[in-house]
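1. Please work out how this folds:
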Amino acid sequence: MIKIILIDDEPKAIKSLEWEINNYCKDVEIMATFSKPKEAITYMQHNDPDAVFLDVEMPGMDGFQFLDHFKQRHFCVVFVTAYNQYALKAIKENAMDYLLKPIDTEDLIITIEKLKANKKNERTYDALEERLRTDINKRIAIPVEGKLLFIDPENITYCEGDGNYCKIHIDNKKPLLISKKLKEVHASLPASDFFRVHNSYVINLKQVSEYLKTDGYIILDNAKKIPVSRSKKSAFLDKI
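-> So this is what the prediction gives:
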């Protein structure tokens, strides 16, 4: 099943594309539709579509400006527009496809098949990644820019979540920003050594230097100050 959202400032265009997909494309779920890109951005902070069908020319925020809001894209993009002059720019944005209005049904079906094939390849990649997680050195595999980095969990100081993204802070290295939620990263780390002290933070318990009871903060070995939420305080104290 391919999960998609549609973004177009023209309601008629959305209804037309919905009809085409519902009548000619199998195994496709339209999660939501938006006539205002800003509303779509808010929605995608808590939802993970496989693909976004995106208009180019929209008032207030065009399709390319919409994509600028996503540092690391975890979804495919299909541009849907009445203008062909944006094709080159769409290619530079690594769009999966470019459909011209009025949409040709056969072209739409081909696009959907491309999305299905892409998702299948991603599942194969994820399965490989999962196997590599259990390698003999007990390192974890972090997907960054199309490759896997193998990291010893002991070198991770803390992880910082931001919606659908997570920043992994490693000893004496530049932080890694990946397109995974904090809870997914936490699940891949040794439960005995890592604890989620806050909605936005998972810390390495071995790198805790101080705990400021009055202020409700942890000081790590690298002097980073991390808040401990009230709901996590008791469990954190039990853990240490």
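2. Quick check: what element follows the helix or strand bottoming out on mean pLDDT in the chain along the chain?
-> Across the helices and strands of the chain, mean confidence by mean pLDDT, DSSP states H and E is lowest for helix 105-133: a mean of 76. The helix or strand immediately downstream of helix 105-133 is strand 140-144, counting by DSSP states H and E.
3. got the buried residues for that following strand?
-> 140-143 (16 or more other C-beta atoms under 10 Å). Just so you know, the C-beta spots here come from the backbone N, C-alpha and C atoms, and that holds for glycine as well.
4. Identify the bridge partners of Arg196.
-> Val202 (DSSP bridges).
5. burial measure for it, as a count.
-> The number of residues packed near Arg196 is 19, by other C-beta atoms under 10 Å.
6. Quick check, it in contact with Val202.
-> Yes - Arg196 is within contact range of Val202, at 4.8 Å (criterion: C-beta atoms under 8 Å).
7. what do the two both touch?
-> 182, 186 (C-beta atoms under 8 Å, 6 or more residues apart in numbering).
8. how about the helices of the protein, start to end?
-> 11-24, 37-44, 63-67, 87-92, 105-133, 182-188, 230-239 (DSSP state H).
9. Distance to Leu220 and mean neighbour count for these - can I get that in TSV?
-> Formatted as TSV, those follow (distance: least, C-beta to C-beta, whole Å; neighbours: other C-beta atoms under 10 Å):
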stretch	distance to Leu220	mean neighbour count
helix 11-24	48	14
helix 37-44	31	17
helix 63-67	35	18
helix 87-92	40	13
helix 105-133	25	14
helix 182-188	17	16
helix 230-239	13	12
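10. where's Asp238 relative to Tyr211, distance?
-> According to C-beta to C-beta, to the nearest Å, Asp238 and Tyr211 sit 13 Å apart.
11. quick one, what contacts the most far-flung residue of the chain relative to its centre?
-> In the chain, counting by C-alpha atoms, centre = their mean, Thr214 sits farthest out from the average C-alpha position, at 35.6 Å. For Thr214, no contacting residues are found, by C-beta under 8 Å, 6+ apart.
12. Tell me who's in contact with Ala187.
-> By C-beta under 8 Å, 6+ apart, the contact set of Ala187 is empty.
13. ok, the buried residues of strand 140-144 vs Asn22, which is closest?
-> Pro143 (33.4 Å; C-beta to C-beta).
14. which strand residues sit across from that closest one in the sheet?
-> Leu148.
15. in terms of contact, does it touch Ile178 like I think?
-> Yes - contact criterion C-beta under 8 Å: Pro143 and Ile178 qualify, at 6.1 Å.
16. got any ranges where this protein has weak pLDDT?
-> Residues of the chain meeting the criterion pLDDT under 70: 123-138.
17. 50 instead, please
-> 125, 128, 132, 134-136 (pLDDT under 50).
18. thinking again about what came up before, output the buried residues of strand 140-144 as CSV; include the columns distance to Lys167.
-> Shown next, in CSV, are the buried residues of strand 140-144 (distance: C-beta to C-beta, whole Å):
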residue, distance to Lys167
Ile140, 15
Ala141, 17
Ile142, 11
Pro143, 14
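19. Tell me the one among those nearest to Glu113.
-> Pro143 (25.0 Å).
20. For Val202, give its distance to Phe236.
-> 12 Å.
21. intersection of neighbour lists for these two?
-> Listed as contacting both Val202 and Phe236 by C-beta under 8 Å, 6+ apart are Phe195.
22. Name all residues that make contact with the closest residue to Phe70 other than its chain neighbours.
-> Distances taken as C-beta to C-beta, 6 or more residues apart in numbering place Met44 nearest to Phe70, at 7.9 Å, with adjacent residues excluded. Met44 sits next to 5, 52, 70, 75, 164 when contact means C-beta under 8 Å, 6+ apart.
23. I'd assumed Ser179 was in contact with the last one.
-> Think Asn164. Yes - between Asn164 and Ser179 a contact is recorded at 6.3 Å, counting by C-beta under 8 Å.
24. Brilliant, that's me finished.
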